[in-house]
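A.B. asks: pasted the sequence and its predicted model underneath.
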Amino acid sequence: MRDPYTVLGVPRSASEKDIKSAYRKLAKKYHPDQNPDDPSAHGKFAEATHAYDLLNDAEKRGQFDRGEIDADGNPRFAGFGNGGFGAGAGRARTGAGAGAGGFSAEDILKEFMSGFGGQPRGAAGGRTAGAGNAQWDPFTQGMGGSAGAGAGTRTGKGEDVVVNVAVSLEDAHKAAAVSVRMPTGKLLSVKLPEKVEEGQQIRLKGQGTPSPFGEPGDALVTVRFEKSKVFRRDGHDVRTDVAVTLYEAVLGAKVRVPTLDGSVELNLPPGVDTSKALRLKGKGLYGDGDLYVNLRVVMPPGGDPDLEALARFMRDQKPYKVRD
């Protein structure tokens, strides 16, 4: 947890009114009902609520300012008397948090909830809901039903986040480690599963939206295959184009062709039929598919008189059909 003054954007000398005003602005900006598709906003909302709860409690604020507790409300050291952390920090969060001004985070949320088109929230921070109705709870960072056993506690897990990652066919083929950027900007190295498929999700435990009242959520990384400049995927089969000269196609040759495992040497027979792809068995994706090489004959640049003379001779003396 960051410094609560930094989170709310107020100086340490801020009055209760200033703190309340700062929280009100942040809560309206980052409230989950206002940002249903922005997991990072959910985390900022929870962080602002936690900061307000700490600074709005005169006793806890004093302990924090004196360095007796940290930003999470945990003691920095033990045994500092009846007025220290042990006397008040252990109180239940439900209904607590109201400072001398008498305004808890729940009170402020109630004031502007009608502006979101929703119903007022109860003292536990959750919407009034009937049995079986799941509702977003900003304090538990999750979906909560009607009030029951444990209602009002803030021990929920943070929200899961969904992140897309574009991977090359080569990296997928090798089950390589790829870099994944989280919504928070954090960069993670993620090992791809063996034979990963398009649209497959990889769960990263604890890398989702943080929750000040429980464990963070998870990140669900969805794999997308990026378009390759060299290969075309057809299921687990892969296709590629290789340029050859006219004399290589006529006389035969050994040419280097790319594969997902690196380039290999391919023997071209004399007079190879370039209209048909050459098949390299087992050289496709994950070794399950094949690699198909399409040969593309490239003429010499700028033309060639001898080649033109040969072409006229073949046209006139040895024509052959390639089209119906």
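C.D. replies: Received it, and whenever you're ready, just let me know what you need. Residues are numbered from 1 along each chain as shown.
A.B. asks: residue contacts, the closest residue to Tyr30 other than its chain neighbours?
C.D. replies: Excluding the flanking residues, the one nearest Tyr30 by C-beta to C-beta, 6 or more residues apart in numbering is Phe45, at 3.9 Å. Placement of C-beta: from N, CA and C, glycine included. Applying C-beta atoms under 8 Å, 6 or more residues apart in numbering, we find Phe45 in contact with 26-27, 30-32, 35, 138.
A.B. asks: and the chain, what are its domains?
C.D. replies: The record, using automatic domain parsing to delimit domains, assigns the chain the ranges 4-144, 161-225, 232-317.
A.B. asks: got TSV for those, with distance to Arg323 and mean pLDDT too?
C.D. replies: Formatted as TSV, these follow (distance: least, C-beta to C-beta, whole Å; pLDDT from 0 to 100):
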stretch	distance to Arg323	mean pLDDT
domain 4-144	55	66
domain 161-225	35	93
domain 232-317	11	96
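A.B. asks: need these in CSV with distance to Asp324, can you?
C.D. replies: Shown next, in CSV, are the domains of the chain (distance: least, C-beta to C-beta, whole Å):
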stretch, distance to Asp324
domain 4-144, 56
domain 161-225, 36
domain 232-317, 13
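A.B. asks: secondary structure class for the residue nearest to Tyr30?
C.D. replies: helix (DSSP: H, G, I helix; E, B strand; the rest coil).
A.B. asks: tell me the spacing between it and Gln34.
C.D. replies: Separation of Phe45 from Gln34 (C-beta to C-beta, to the nearest Å) stands at 9 Å.
A.B. asks: same check, this time on Ala175
C.D. replies: 40 Å.
A.B. asks: same question for Leu295.
C.D. replies: Leu295 is 58 Å from Gln34, by C-beta to C-beta.
A.B. asks: over to Asp72?
C.D. replies: From Asp72 to Gln34 the distance is 26 Å (C-beta to C-beta).
A.B. asks: which of those two has more neighbours?
C.D. replies: Using other C-beta atoms under 10 Å as the criterion, Asp72 and Gln34 rank with Gln34 on top: 14 against 10.
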